[in-house]
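Colleague: Based on what follows, work out the 3D shape:
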Amino acid sequence: MSPLLLDTDILIWVLGEPQRLTTKTRDRIANPDVPVFVNIVSLWEIVSKRRVGKLDVQVDAVTAQMHPNSKLRWLSPTQRHLYVFDQLPLNDRHRDPFDQLLIAQAIADGMTFVTADQNAGQYPVTAQAP
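Modeller: Okay, here's the model as predicted:
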């Protein structure tokens, strides 16, 4: 099974509202043989949305749950991810740079992108609905 990369909303659900995920997704995330990753960009997105009043989640609450024994592992964007991001098709219906960078990372690293975003299907990424 390919590793999973969680979209920011999915990260928030995993940590605080796991009932919003399907049993299939919860089982796959819990599977010890499936690595689960979170891009540090998700913290940036949380802070950005909280600052403008679109989200009521504190970064320290998220990072406190991402302790070293957590199954979730942090990833940072690299030049290779930014190259793939730059190659993604432009789409007027989907202009979220946070999602696009996560999609680029999933493509570049051969991960399944776990997202509720219907727009992910507009890109050549393997996606799984939550």
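
Colleague: Low-confidence bits of the chain, can you list those?
Modeller: Residues of the chain meeting the criterion pLDDT under 70: 67-69, 92-94.

Colleague: ok, the nearest residue to Pro3 once chain neighbours are set aside - how many residues close by?
Modeller: Once flanking residues are discounted, Pro3 sits nearest to Pro35: 4.1 Å by Cβ to Cβ, 6 or more residues apart in numbering. For glycine as for every other residue, the C-beta is placed from the backbone atoms N, C-alpha and C. Pro35: 15 surrounding residues under other Cβ atoms under 10 Å.

Colleague: close enough to count as contact, Pro35 and Leu4?
Modeller: Yes. Between Pro35 and Leu4 there is a contact under Cβ atoms under 8 Å: 7.2 Å.

Colleague: just checking, Ala106 touches Phe113?
Modeller: Yes. Under the criterion of Cβ under 8 Å, Ala106 makes contact with Phe113 at 4.0 Å.

Colleague: overlap in contacts of these two?
Modeller: Residues touching both Ala106 and Phe113 by Cβ atoms under 8 Å, 6 or more residues apart in numbering: 5, 125-127.
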